[in-house]
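In: could you look at this predicted model? Sequence included:
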Amino acid sequence: MAEAKKTFIPFYRPYLDEREVEEVADTLRSGWLTSGPKVERFEAEFAAYVGARRAIAVNSCTAGLHLALAAAGIGEGDEVITTPFTFCSTVNVVLHQRARPVLADICLDDYNIDPQEVERRITPRTRAIIPVHYAGQPCRQDELLDVARRRSLLVVEDAAHAVGAEYKGRRVGSLGDVTAFSFYATKNLTTGEGGMVTTGDDALAERIRLLSLHGLSHDAWGRYSEKGSWYYQVLAPGFKYNMSDIQAAIGIHQLAKLEGSIAARQRWASLYDRCFQDVGEVATPRVRAEVRHAWHLYVIRLEVERLTIDRARFIELLRERGIGTSVHFIPIHFHPWYRENLGYGPGDFPQAEAAYQGVVSLPLYPQMTGEQVTRVAETVIEVVRAHRR
Ligand SMILES: Cc1ncc(COP(=O)(O)O)c(C=O)c1O
């Protein structure tokens, strides 16, 4: 135990090296800091990587989701169906547009939204569906797109976890109507804060770009660069959601390293799987055959009814033993605001609630060593064994 306490294994570490440092220094020396040539390059390379026609860089996934809804004209009186097993921003963007978030329960095998539950919640006011590719595993895309096409609904994918994920051989970002990615500090590809929206729809892309920078007819690069003109017009009351060249400088190299980083994550996920294979109290992630998981998160589910401690105590005991963890997610309907204002409460989404009781996200990042992964797994097993019923 004394040995285990020596070094803390954090839940997350960003995968950065001199390439990002040099590119940021180059941007700082160039004198051009906000959206400009590096953003243009990052957008083009990202679009090519995911196989999307258009990519618009923004300052968060939240911004990207909000822009997608705003650009599609979703507003007051509309309903948008999403999952309760997500981060609050998935739901908040619907509320920002004065529309109503309608929750649909998940499947317990992969924690993704259940297309049948989505269909049950469609009303004449439903305009869109926001699936989340939980942990980096694409949702049941064909079933969901089938529901969406039959009922004329827009599919806005929350791919905060899923850069590099694939569904039936196609990358997330090239599948639904519009997709938003996160480059937050903990994500597979980070720019500190940041995001990207992709779509195959040119008109939607133009509208998203316009709204991402105040609704201006010309961005800063179009006004202050050598080729620019001072004149601009405001064509819509937009938002301040653009990405800076400093962020894009990081993103360009993060993107170049992404395949290697996913391969390393995959390796550590497989090692975790092997370590836990004979531990009945620990359910490991199930990967559906038609996907490539991006392994943003490695989420175990404790069978808490077989233990004498709950998940909160389990996390405390891991921390005492030098292991950082996280929980994805506290269901939306457990938070006070949504409970009080959307009228949902405990008992409404049994699968999400069952998942929530036991999920723990373990450390997973490319720079981990096999020894560290093994130490995390052995510590989990030690705590489980000490608290069996
Ligand atoms: C599922 C999900 N959606 C959206 C977001 C928001 O991403 P961002 O911080 O880039 O706005 C997160 C952030 O962690 C997330 O986990």
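Out: Nice, thanks for sending it over. Numbers count the residues shown, from 1 in each chain.
In: for the stretch 51-200 of the chain, what are the low-confidence residue spans?
Out: Applying pLDDT under 70 to the stretch 51-200 of the chain flags no residue at all.
In: hey, where'd the helices end up in it?
Out: Here the stretch 51-200 of the chain has its helices, by DSSP state H, counting those that start in this stretch, at 61-71, 88-96, 115-120, 141-150.
In: from the contact counts, what lies against the last one?
Out: Packed against helix 141-150, as judged by 3 or more C-beta pairs under 8 Å, 6 or more residues apart in numbering; DSSP states H and E, are the following elements: helix 115-120, strand 126-130, strand 154-159. In this view, the C-beta of every residue, glycine as well, is placed from N, C-alpha and C.
In: single out the most deeply packed of those.
Out: Most buried of the helices and strands packed on helix 141-150 by mean neighbour count (mean count of other C-beta atoms under 10 Å) is strand 154-159; its value is a mean of 27.
In: buried stuff in stretch 175-188?
Out: 175-184, 186-188 (16 or more other C-beta atoms under 10 Å).
In: start and end of that stretch, how far apart?
Out: In stretch 175-188, first residue to last residue: 20 Å (C-alpha to C-alpha, to the nearest Å).
In: and the ligand, which of the buried residues of stretch 175-188 contact it?
Out: Cross-checking those against the ligand (C-beta under 6 Å from any ligand atom) gives Ser182, Tyr184 as the overlapping residues.
In: of the buried residues of stretch 175-188, closest to Ile9?
Out: Thr186 (14.7 Å; C-beta to C-beta).
In: which of the buried residues of stretch 175-188 sit farthest apart?
Out: Using C-beta to C-beta, these reach their maximum pairwise distance at Asp177 and Thr186, which is 26.8 Å.
In: if we can go back for a sec, now render the helices and strands packed on helix 141-150 as TSV, adding distance to Leu95.
Out: Below are the helices and strands packed on helix 141-150 laid out as TSV (distance: least, C-beta to C-beta, whole Å):
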stretch	distance to Leu95
helix 115-120	19
strand 126-130	12
strand 154-159	15
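In: the helices of the stretch 51-200 of the chain: which one's closest to the ligand?
Out: helix 61-71 (3.3 Å; C-beta to the nearest ligand atom).
In: number of residues surrounding the residue found closest to Leu175 once you drop the neighbours it is linked to in the chain?
Out: Nearest non-adjacent residue to Leu175, counting by C-beta to C-beta, 6 or more residues apart in numbering: Gln141, 5.5 Å away. Other residues within reach of Gln141, judged by other C-beta atoms under 10 Å, total 22.
In: Arg267 now?
Out: Counted with other C-beta under 10 Å, Arg267 comes out at 15.
In: ok and the residue in the stretch 201-350 of the chain nearest the ligand?
Out: His328 (6.8 Å).
In: rewinding a little: who touches the residue nearest to Leu175 in this structure?
Out: Gln141 is in contact with Pro131, Tyr167, Lys168, Leu175, Gly176, counting by C-beta atoms under 8 Å, 6 or more residues apart in numbering.
In: out of the residues you listed, flag the one nearest to the ligand.
Out: For the contacts of Gln141, the nearest to the ligand is Pro131 (10.2 Å; C-beta to the nearest ligand atom).
In: and the closest residue to the closest one other than its chain neighbours, how far from the ligand?
Out: Closest residue to Pro131 apart from its sequence neighbours, by C-beta to C-beta, 6+ apart: Cys139 at 4.3 Å. Noted for Cys139: a distance of 11 Å to the ligand, by C-beta to the nearest ligand atom, to the nearest Å.
In: what count of nearby residues applies to Cys139?
Out: With other C-beta under 10 Å as criterion, Cys139 counts 34.
In: is it correct that it is in contact with Val132?
Out: Yes. Contact status for Cys139 versus Val132: in contact at 7.2 Å, counting by C-beta atoms under 8 Å.
In: give me the common contacts of these two.
Out: Common neighbours of Cys139 and Val132 (C-beta under 8 Å, 6+ apart) are Asn112, Ile113, Glu157.
In: the second one: what's its closest spatial neighbour, skipping adjacent residues?
Out: When you say that, I think you mean Ile113. Thr83 (4.3 Å).
In: tell me the secondary structure at Arg207.
Out: Three-state assignment for Arg207 (DSSP: H, G, I helix; E, B strand; the rest coil): helix.
In: contacting residues for the nearest residue to it once chain neighbours are set aside?
Out: What sits nearest to Arg207 in space, not counting adjacent residues and going by C-beta to C-beta, 6+ apart, is Ala71, at 3.9 Å. By C-beta under 8 Å, 6+ apart, the contact list for Ala71 reads Leu204, Arg207, Ile208, Leu211.
In: noted, bye for now.
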